[in-house]
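Enquirer: What would the 3D arrangement of this be:
(2 chains)
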Amino acid sequence: MPPAPCAICETNRALILRPKNHQKLCKTCFINVFETEIHNTIISNKLFSRGEKVAIGASGGKDSTVLASVLKTLNERYDYGVKLMLLSIDEGIKGYRDDSLETVKRNAQQYDMPLTIVGYDELYGWTMDQVVEQVGKKGNCTYCGVFRRQALDRGAATLGVRHVVTGHNADDIAETVLMNLLRGDLPRLSRTTSIITSTPSASVSDDPNSHTNIKRSKPLKYAYEKEIVLYAHHKSLDYFSTECIYSPEAFRGSARALIKNLERVRPSAILDVVRSGEDMGKLVPGASNSCAGECGGKSQVLEEEVGGCGSSNSSALGGEMAALDKQFGHNEAAEMDVLETEIRLKPKSPGQENGRDISKELRRPKNSRSKNAPTIEKKSIRQVMGQCSRCGYLSSQAICKACMLLEGLNKNRPRTMVVGE
Amino acid sequence: MPGTAVNGRSDSLSSICRRCQIVQATMVVRTEPLCDDCFIKYINSKIIKRLETFRPRHSSKKSPRKYLLPVSFGASSLSLLHILDARLQRQRGRPGNADYELEIVHIDTTAASQNPPEASSPSPTTKLQLLKQHYPLHNYHLIPLEAVYDQPSDSILTETLSSLSISSSHNDALNPSPVSASSSRATPLAQLTNLLNPLSPTSRADVLLQLRTSLLYHTALSLNASTLLLSSTSTSLASLTLSTCAKGRGHTLGHLLAEGPTHLSGLSQHFPCRDLLKQELETYATAVLPSSLASLCLPSSMTHENNGKTVPTPASAKTTTIDELVTRFFTDVEASYPNIVTNVVKTASRLVAPQTSSNDEGSDGPRRCRLCRMPVPAGGFGILGWGGDQAVMGSRDDGDGNGNGNGNGNGNGNGNGNGNGNGNGNGNWNGLEDDKQGSSLCYGCSRSATGFEQLLP
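Expert: Model prediction:
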């Protein structure tokens, strides 16, 4: 059989079986198609505006490296007129982040973009290595995720940038959709699929350095992970491919395995899950009315909505799933036996819409992740944005999540640190 | 059954039954050690409790309500029949108390199945007769899947039904099909196999499931049944949720899992077994069903609730379907984390069925997908036009990976009724580009059946 010609140019020999649709393409056409698709996504979602300063959340991994390379190419080719820069977070993980940051530094030179590195230690006084030393490997991803969200916003604010793009790809989004279904987190399901998210502004601030209201977008939202790897390979991009040394979230691991299996059976499945996620987001009670018009399809987020450090390594799987299983079991038992009588606030007066439901708080005081687990009470609660009384970051509570976590950490820290050397 | 541990560790079996506190427990049900009798009571009460929620307050003596109960001969549908039958007998013992009649339906997919049925297994007719012997109070119907092609002309169809039938309405105007006249001359079975044969395993199973579901809804209407009783367990509903999501049909979940009114006016649906796990009902079925019936649904672990097909042991990606993959996933999850299974269903059940706004509606109700017959919101037709396609000329292809795109023109046996180039992208995926408006299929159905619209009922 003669070698198949490329399905697009029909002249070159096809070398690439496109993961997304099994089209046979030559290298040039693949790169071209990949870039054009990202361009289409950017244009149809109006992600950028001329003159805008855009920070690329760069970890040195394949996704953000490809994102930086593609955006640079497209910005020149289509003259978006945006000023691109790299923003990296140093979580302080030895043997992982220090190495990947070296990659980012090289990228900065290769792409001729200014690079800013914001460290957890300078922002919070804790590196992730220190956090893990204190809380153990279990659950440290919570700290990392909460800290990272704020760190990116703060980093952007110091640069005077109002827009951060991240390298989340279609696989990440699909995984998150399944993960949120598995753990019963409907509100987050509706948020994760939005291509643009923004931290809502509590009080409209005129301060250009305010770290509120920073726009986040995911230009690679519809790009397959496999294609990103192919692109990086064929463009010989310089990226760092070691996964985080700390344990991944269990649910993400299990959802990721399922997504990979689905993709094997039907390559479009990843995109189909993303599509379902978008459609289901519209069916979440309260989701559609709450932002009808006001935010134009953009979603508002407070916490890290799509974790970026998932790993296929699912060794920690059992523990977290078992814990959640047990907790769902408790909730159900409580419902069935009506052991916990509903302490329901009497008929809802209109003003109570935004108040918190006491019965809900009582039922699950500790684990905030479970706040959306089913209860007898089905009303969806709209978060009211305020500012953290300590750091001024956006929060629906008096003290933001990061400050809460920090407080816990600091309590157990010896007053005087013994500094080595 | 003694000694069976139902999703629990057998180490707690040494204790006595937690409910009656008398007998030695024989199994652990969701951390509770139970004896056989208490387990049966537990299942009964879970189902009866669900049935009570939609029982009319004042049953009218004139016309008891008709329930349609589809049976797949699996453990859960037979268990539900068993319970409903016993309940009806009790009610009939008290005059004026019977508030329902049962219409039992089996949709026979054997003719459409690629794998011939095992020689040893009895035919659906035999099975249904056996059911009738054991539960003689009810009416039994055996409907072959190919009956989907008879629907519009079927004499038993009522007026309600014909007004809901897609093929008679605006969709034809949107989608003029010169070939449909010629293909309608073929027998229904030939039409069905023409449609299914060229599809990849996943698409095939998916189209089959959609046809079966819509046939059930329409059978209910044509039999004047007001309520569809679906025997799906928590486990099968969780699988349905995830596979529906994985097949790009997330927009239908609000309708699919709704307890109460369906997307068809005049028809409600209920899931009386939705609080139970698959394995619990399997244990129950082996315990309570007459042995001749119990043998029907055994080996019970092989029974697939959604379409009555067996789930084979892991096979290659080429032959596995998404439905099987997800079913297997949840069977595993159920074994270790039953509450996660129940929670998926609870979570998905909180999705609201979309309200179609007036501009989505055609002259006779919301616009519906031609295959799954679900209402489709504006912009929900076709694969393109939602952003995820990142549309570029020439870059778009079907995602099915098993070459069903190529199977179209040169495919096996579908050439007869499937003229190319009739404006719906047949034989050429790039034809999809300009055709978003013209698609009569929702996104998920487009993934499975684009290019085969002309062969659909």
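
Enquirer: Leaving out sequence neighbours, find the closest residue to the residue of the stretch 151-300 of chain B found nearest chain A.
Expert: Residue nearest to chain A within the stretch 151-300 of chain B (Cβ to the nearest Cβ): residue B:250, separated by 2.7 Å. Using the backbone N, CA and C atoms, a C-beta is placed for each residue, glycine as well. Using Cβ to Cβ, 6 or more residues apart in numbering or on different chains and skipping the chain neighbours, the partner closest in space to residue B:250 is residue A:276 (2.7 Å).

Enquirer: Next one, pLDDT for that neighbour please.
Expert: On pLDDT, residue A:276 comes in at 94.

Enquirer: who are the neighbours in contact with it?
Expert: Contacts for residue A:276 (Cβ atoms under 8 Å, 6 or more residues apart in numbering or on different chains) come out as A:177, B:244-251, B:444.

Enquirer: That one should be in a helix, yeah?
Expert: Yes - counting by DSSP: H, G, I helix; E, B strand; the rest coil, residue A:276 is part of a helix.

Enquirer: Turn the contacts of residue A:276 into a markdown table, including neighbour count.
Expert: A markdown table is the format used below for the contacts of residue A:276 (neighbours: other Cβ atoms under 10 Å in any protein chain shown):
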| residue | neighbour count |
| --- | --- |
| A:177 | 28 |
| B:244 | 26 |
| B:245 | 28 |
| B:246 | 31 |
| B:247 | 32 |
| B:248 | 27 |
| B:249 | 26 |
| B:250 | 31 |
| B:251 | 27 |
| B:444 | 30 |
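
Enquirer: Just the residues you listed: which are in helices?
Expert: A:177, B:244-246, B:444 (DSSP state H).

Enquirer: list the helices and strands the longest strand seen in chain B packs on?
Expert: Longest strand in chain B, counting residues (DSSP state E): strand B:100-108. For strand B:100-108, the elements it packs on are strand B:65-70, helix B:75-93, helix B:124-134, strand B:139-144, helix B:201-222, judged by 3 or more Cβ pairs under 8 Å, 6 or more residues apart in numbering or on different chains; DSSP states H and E.

Enquirer: isn't residue A:34 right up against residue A:224?
Expert: No - if you go by Cβ atoms under 8 Å, residue A:34 and residue A:224 don't touch, sitting 9.5 Å apart.

Enquirer: and the residue of the stretch 101-250 of chain A found nearest chain B, backbone torsions?
Expert: Among the residues of the stretch 101-250 of chain A, residue A:184 lies closest to chain B, at 4.1 Å counting by Cβ to the nearest Cβ. Backbone dihedrals for residue A:184, given as degrees, to the nearest 10, come out at phi 70, psi 30.

Enquirer: returning to that earlier point: next, work out how far apart the residue nearest to residue B:250 and residue B:199 are.
Expert: Separation of residue A:276 from residue B:199 (Cβ to Cβ, to the nearest Å) stands at 20 Å.

Enquirer: With residue A:186 instead?
Expert: Distance from residue A:186 to residue B:199, by Cβ to Cβ: 33 Å.

Enquirer: Likewise for residue A:123?
Expert: 54 Å.

Enquirer: On the pLDDT front, check the closest residue to residue B:36 other than its chain neighbours for me.
Expert: Closest residue to residue B:36 apart from its sequence neighbours, by Cβ to Cβ, 6+ apart: residue B:26 at 5.4 Å. Looking at residue B:26, its pLDDT stands at 90.

Enquirer: Equivalent analysis for residue B:329, please.
Expert: We have a pLDDT of 92 for residue B:329.

Enquirer: which SS state does it fall under?
Expert: helix.

Enquirer: For residue A:45, give its distance to residue B:386.
Expert: 11 Å.

Enquirer: cool, and residue B:124?
Expert: Using Cβ to Cβ, we find residue B:124 at a distance of 40 Å from residue B:386.

Enquirer: same question, residue B:375
Expert: Taking Cβ to Cβ as the measure, residue B:375 falls 17 Å from residue B:386.

Enquirer: Those two: which has the busier surroundings?
Expert: Taking other Cβ atoms under 10 Å in any protein chain shown, residue B:375 and residue B:386 do not tie; residue B:375 has more neighbours (23 against 19).

Enquirer: what is that one paired to in the beta sheet?
Expert: Beta-bridge pairing for residue B:375 (DSSP bridges): residue B:368.

Enquirer: Surely it is in contact with residue B:256?
Expert: No - using Cβ under 8 Å, residue B:375 is not in contact with residue B:256, being 11.9 Å away.

Enquirer: count of residues packed around residue B:78?
Expert: By the measure other Cβ under 10 Å, the count of residues near residue B:78 is 29.

Enquirer: just residue B:66 next, same as before
Expert: Neighbourhood size, residue B:66 [other Cβ under 10 Å]: 16.

Enquirer: again, but for residue B:188
Expert: 18.

Enquirer: list the contacts for it?
Expert: B:144, B:146-150.

Enquirer: can you rerun that using 6 Å?
Expert: B:146, B:149-150 (Cβ atoms under 6 Å, 6 or more residues apart in numbering or on different chains).

Enquirer: Give me the ChimeraX select line for those residues, limited to the buried ones.
Expert: Of these, the buried ones go into a single ChimeraX selection, burial set by 16 or more other Cβ atoms under 10 Å in any protein chain shown:
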select /B:146,149
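
Enquirer: For chain A, tell me which of the contacts of residue B:188 show up nearby.
Expert: The subset of those within reach of chain A, counting by Cβ under 6 Å from any Cβ of the partner chain, is empty.

Enquirer: Next, format the contacts of residue B:188 as a markdown table and append pLDDT.
Expert: Below are the contacts of residue B:188 laid out as a markdown table (pLDDT from 0 to 100):
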| residue | pLDDT |
| --- | --- |
| B:146 | 89 |
| B:149 | 86 |
| B:150 | 76 |
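
Enquirer: now the contacts of residue B:188 in a markdown table, with secondary structure?
Expert: Shown next, in a markdown table, are those (three-state DSSP):
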| residue | secondary structure |
| --- | --- |
| B:146 | helix |
| B:149 | helix |
| B:150 | coil |
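
Enquirer: Just give me the closest of the contacts of residue B:188 to residue A:218.
Expert: residue B:149 (44.6 Å; Cβ to Cβ).

Enquirer: Show me where the stretch 251-400 of chain B has its helices.
Expert: Applying DSSP state H, counting those that start in this stretch to the stretch 251-400 of chain B gives helices spanning B:253-256, B:278-288, B:291-294, B:322-336, B:338-349.

Enquirer: what comes into contact with the last one?
Expert: Residues from elsewhere that reach helix B:338-349, judged by Cβ under 6 Å, 6+ apart: A:181, A:184, A:186, A:325, A:328-329, A:374, B:7, B:234-235, B:237-238, B:241, B:253, B:257, B:277, B:330, B:333-334.

Enquirer: for the longest one, same thing?
Expert: Outside of helix B:322-336, the residues that reach it under the criterion Cβ under 6 Å, 6+ apart are A:258, A:261, A:265, B:202, B:205, B:235, B:238-239, B:242-243, B:246-247, B:277, B:311, B:340-341.

Enquirer: so that helix versus helix B:201-222, what angle?
Expert: Angle, helix B:322-336 to helix B:201-222, by axes from the mean of the first three to the mean of the last three Cα atoms, to 10 degrees: 90 degrees.

Enquirer: repeat for the last one
Expert: Orientation note: helix B:338-349 sits at an angle of 60 degrees relative to helix B:201-222 (the same axes, to 10 degrees).

Enquirer: Count the neighbours of residue B:350 for me.
Expert: Neighbours around residue B:350, by other Cβ under 10 Å: 18.

Enquirer: Around chain B, which positions in chain A sit nearby?
Expert: Close to chain B, as judged by Cβ under 6 Å from any Cβ, chain A has residues A:8, A:21-23, A:33, A:36-37, A:40-41, A:181, A:184, A:186, A:222, A:258, A:261-262, A:264-269, A:271-276, A:279-280, A:283, A:285, A:321, A:325, A:328-329, A:374.

Enquirer: Show me which residues of stretch A:225-235 are buried.
Expert: Per 16+ other Cβ under 10 Å, stretch A:225-235 contains these buried residues: A:225-232, A:235.

Enquirer: wait, residue B:215 sits on residue B:149?
Expert: No - at 10.2 Å, residue B:215 does not count as touching residue B:149 under the criterion of Cβ atoms under 6 Å.
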